[in-house]
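Asks: coordinates for the following, if possible.
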Amino acid sequence: MTTLQNTRSLHHVVRKLLLQPTKVKQPRSFWTSITSSPPLSEEVTSSSSIPPESYTFQSIAQEVADEHNLSLAKSKRILNTVFDTIAENLAQKKVVKIKDFGKFSNEHSRERKGYNFSTGEAVDIPAGRRVKFVAYTAIKDTINK
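Replies: This is a model prediction of the structure:
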């Protein structure tokens, strides 16, 4: 199977995952009402815990393997190839566009002032490049259904 076919297969799996209905608990917004009461203790969740609805690299690799009758190792190699290709092109300051999914690009961030919450002191955050992702309309429409 060629790399182009592998990419198309990955696109199919990602699109299928996005179209599946998920049961996501809506986060409580504290910004909408200043007078709202604080959350009850059972509503507070740890920010470090991963919700069960999250897809990890392992679960995506398993989905690719199941969908295309591949071994888990082979599907991991395919995913690594796709992600490495995206990363390599971004390192070369290229824009990566994936049809019906989105666009990855580099963005320059200027030097700015920040704040260290633990010590209370102002710190300088150096200038650098960061990755920017813009979702295409098809993904936005799928998510907002």
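Asks: packing partners of the lengthiest helix in the chain?
Replies: With secondary structure taken from DSSP state H, the chain has its longest helix at helix 72-91. Packing partners of helix 72-91 (3 or more CB pairs under 8 Å, 6 or more residues apart in numbering; DSSP states H and E): helix 3-19, helix 57-67, strand 96-98, strand 102-109. (C-beta placed from N, C-alpha, C; glycine too.)
Asks: report the rounded mean pLDDT for the last one.
Replies: Meaning strand 102-109. The average pLDDT within strand 102-109 is 94.
Asks: what does the helix or strand that it is followed by contact?
Replies: Next along the chain after strand 102-109, taking DSSP states H and E as the criterion, comes strand 112-115. Defining contact as CB atoms under 8 Å, 6 or more residues apart in numbering, one finds that strand 112-115 is touched by E121, A122, V123, D124, I125.
Asks: neighbour-wise, give me the winner out of the residues you listed.
Replies: Within those, neighbour counts (other CB atoms under 10 Å) peak at I125, which reaches 12 neighbours.
Asks: give the contact list for that one.
Replies: E111, R112, K113, G114.
Asks: got the residues you listed as TSV, with distance to K93 columns?
Replies: Shown next, in TSV, are those (distance: CB to CB, whole Å):
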residue	distance to K93
E111	19
R112	21
K113	27
G114	25
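Asks: what's the most distant pair in those?
Replies: The distance between the two most remote of those (CB to CB) is 10.1 Å, for E111 and G114.
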